[in-house]
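Chemist: below are the sequence and a predicted model for it; my questions follow.
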Amino acid sequence: MSEPTPRQQQVAAFIAALERLDNAGRARLKRNAGRALHEARDVQRVFVQALPPAIAGRPEEEIYFLVATLYPLAKARDDGASLGATLRAVRQLRGNESLDRRFQALLDSDAEQLRFRARQAVRLAAASEQRIDWGRLLSDLLAWEHPDRYVQLRWARDYFVGQPATVSS
């Protein structure tokens with residue numbers, strides 16, 4: 001097994017810090033869901049104490065803040081499932097094809113639209129009692145602006161096609 005990269009270590013440390021928050025800290029983050037860091041109120045202390053020091057002041061700080069504010073909205077899982085796979089489960093439970101349009105809008109989101117659409121998606125998952133792999137979500141959102149858009153493509157596969165059936169021998 002390979003050693004975790006510095007980014008993987010930062011993501012894991014951040015999610016672990018969010019897990020340790022008390023109810024008051026989670027409530028402060030939840031009240032700021034969908035806001036940009038510069039729009040946030042009464043949450044800076046909670047956020048900066050959870051944030052890995054190497055991230056402070058860097059452009060990815062906004063993505064960390066987005067995930068921090070979404071974190072209190074849904075329970076956690078740790079199985080590597082993407083948000084696309086989670087929303088596929090929501091669609092199967094609800095049998096609602098209108099989710100397809102929302103999901104496509106999420107995939108097409110730029111960084112500015114992502115706050116609102118990611119919040120919608122997480123709330124939909126929580127309403128269907130689906131858990132979120134927060135480490136995976138943070139890692140995926142950190143690569144959202146990659147020119148190859150590989151995260152969006154993987155999420156689309158996970159949502160529209162799902163995992164291939166395992167062949168047993």
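Modeler: Good, I have the coordinates.

Chemist: point out where the protein drops to low pLDDT.
Modeler: 1, 164-169 (pLDDT under 70).

Chemist: center of it, which residue is that?
Modeler: The structure's the chain has its C-alpha centroid closest to Leu137; by C-alpha atoms, centre = their mean the separation is 3.4 Å.

Chemist: residue boundaries of the helices in this protein?
Modeler: All helices of the chain, identified by DSSP state H, fall at 6-19, 23-31, 44-50, 61-70, 83-94, 98-107, 111-127, 134-142, 150-156.

Chemist: got the ones you listed as TSV, with distance to Leu37 columns?
Modeler: For glycine as for every other residue, the C-beta is placed from the backbone atoms N, C-alpha and C. As requested, these are arranged in TSV below (distance: least, C-beta to C-beta, whole Å):
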stretch	distance to Leu37
helix 6-19	14
helix 23-31	12
helix 44-50	8
helix 61-70	5
helix 83-94	21
helix 98-107	21
helix 111-127	10
helix 134-142	14
helix 150-156	21
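
Chemist: nearest to Gln163, out of these?
Modeler: Checking the helices of the chain against Gln163 by C-beta to C-beta gives helix 83-94 as the closest, at 7.3 Å.

Chemist: direction-wise, compare the closest one with helix 134-142 and give the angle.
Modeler: Angle of helix 83-94 versus helix 134-142, following axes from the mean of the first three to the mean of the last three C-alpha atoms, to 10 degrees, is 120 degrees.

Chemist: hang on, the earlier thing: nearest spatial neighbour of the residue nearest to the centre of the chain, chain-adjacent residues omitted?
Modeler: Leu83 (5.7 Å; C-beta to C-beta, 6 or more residues apart in numbering).

Chemist: so Arg136 makes contact with Ala85?
Modeler: No: if you go by C-beta atoms under 8 Å, Arg136 and Ala85 don't touch, sitting 9.3 Å apart.
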